[in-house]
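*Asks:* I'd like to go over a predicted model; first the sequence, then the structure.
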Amino acid sequence: MYPNILRHPGPTPIPKKVELAMAQDMISHRSAEFVKLYRETTERVKPVFGTKQDILLLPSGGTAAMEAAVANITSPGDEVVVVTVGAFGDYFVSICEKYGLNVHKLQKKWGEACTKEELADFLKPLSNIKAVFATYNETSTGVLNPVEQLGEAVREHSDALFIVDGVSAIGGAPAEMDKWGIDILVTGSQKAMMLPPGLALLAVSDKAWKVIESNDSSAYYLSLLSYREWNEKGMTPNTPAVSLIMGLSAVCDLIDEEGGFSKTVERHEVMKNMVRKSMNALSIDLLTADEYASPTITAIRTPEGLDLGSYISHLKKKYHLDFAGGLGPLQGKIFRFGHMGYCFPSDILEAVSLMEAGLQDFSYPFEPGAGVKAAQEVYLSSLRKS
Ligand SMILES: Cc1ncc(COP(=O)(O)O)c(C=O)c1O
């Protein structure tokens, strides 16, 4: 009966308009109707990526798009750099290792970002680096890496391609793929894109296409050349996730309704600040520094003396508020408050208020209402500015 208040890093809540769009009658993926839907929708997604390049749609999770990037631009034995600041940077390490690449791993402590200087220093002694891989928004820690600056370091100290995992960032965080010199940018549908899981989105720069054209890749289902060829006809090589593409079209309508993608980005920034200020007001620590804080997810340290597992399951059971726990070394040490996609300041007020109710149930010492008040102040001040 009660709705699940899904404040997760993804999957995230789906807007009614998107659900209704996905409920339309099925169409053939080789029909004129599909070509129109595909062409119009992929064109409308470009501002969300900050690119003039074509947006390719894979019927898959984000990992397959990451793997497509690796499989299409590299060959076994190639030297690559992977910047990893958490669990999803480690995904790129694993994929690259599986593909037989010689991986130079720039490992940062979980909760920290990688700076331009760190990447520059790491690249300086290396040569023949084929690609540098990085995560934009590290979902396991709530760190937003400064990818614009990382791209500068890549260009200043190598001829490498710059490949970015934008899963959990794209759709909520600013993205300027072309201006920032990103060569392949990938994302998944189930995060800030307000869709169910099952669709990956990807764009490729001219520089990366040249590498792909001359690379002898054995990728078949994930062949980007094949995706490009079919994209020219307004289609995909195999059966696409038709319903999700219908939903994506509705997502573009919602972004337009909000006043364009810059407004969507502003909303995410407000929600980030609401969450952070409310935790400050409750004297609950955050994992990441404000400078690199994610606009889509906040990692909150376990309040002192609280049994985190019991608190999280209590919030779910009594208040239907669903947070995600920590991953890997952060298990039991943090929980993650998702505020991406179909999420609004009113949702943050609701979640903070319920968090406070749960803290009272656990006799946690704090001033009731302090978190809500702080979040409200951020919200009201954003409304005064707009
Ligand atoms: C930053 C990041 N990269 C990659 C992935 C993997 O995406 P998927 O689970 O859709 O394969 C995730 C999933 O949570 C993610 O958050």
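*Replies:* Perfect, thanks for sending it.

*Asks:* Which other helices and strands does the helix or strand hosting residue 95 contact?
*Replies:* Element membership of residue 95 [criterion: DSSP states H and E] is helix 87-98. Helices and strands touching helix 87-98, as assessed by 3 or more C-beta pairs under 8 Å, 6 or more residues apart in numbering; DSSP states H and E, comprise helix 62-73, strand 79-84, strand 102-107, strand 129-135, strand 137-138, strand 161-165. Using the backbone N, CA and C atoms, a C-beta is placed for each residue, glycine as well.

*Asks:* nearest to residue 271, of the ones you listed?
*Replies:* Closest approach to residue 271 among the helices and strands packed on helix 87-98 (C-beta to C-beta): strand 137-138, 13.9 Å.

*Asks:* Direction included, what does that closest one pair against?
*Replies:* strand 143-144 (antiparallel) (DSSP bridges).

*Asks:* ok, and what's touching the partner strand?
*Replies:* The contact list for strand 143-144, computed with C-beta atoms under 8 Å, 6 or more residues apart in numbering, reads 85-86, 111-113, 136-138, 169, 173, 288, 292-295.

*Asks:* and which of the residues you listed is nearest residue 373?
*Replies:* Closest to residue 373 out of the contacts of strand 143-144 is residue 293 (20.5 Å), distances taken as C-beta to C-beta.

*Asks:* and that closest one, how many neighbours?
*Replies:* 21 (other C-beta atoms under 10 Å).

*Asks:* So what's the residue count around the closest residue to it other than its chain neighbours?
*Replies:* With sequence-adjacent residues excluded and distances taken as C-beta to C-beta, 6 or more residues apart in numbering, residue 293 is closest to residue 272, at 5.9 Å. Counted by other C-beta under 10 Å, the residues lying close to residue 272 total 26.

*Asks:* Does residue 272 touch residue 298 like I think?
*Replies:* Yes - Residue 272 lies in contact with residue 298 (C-beta atoms under 8 Å); the separation is 6.8 Å.

*Asks:* what do the two both touch?
*Replies:* Joint contacts of residue 272 and residue 298 (C-beta under 8 Å, 6+ apart) are residue 339.

*Asks:* rewinding a little: what's the residue nearest to residue 293 in contact with, if anything?
*Replies:* Residues near residue 272 by C-beta under 8 Å, 6+ apart: 293, 294, 295, 296, 298, 339.
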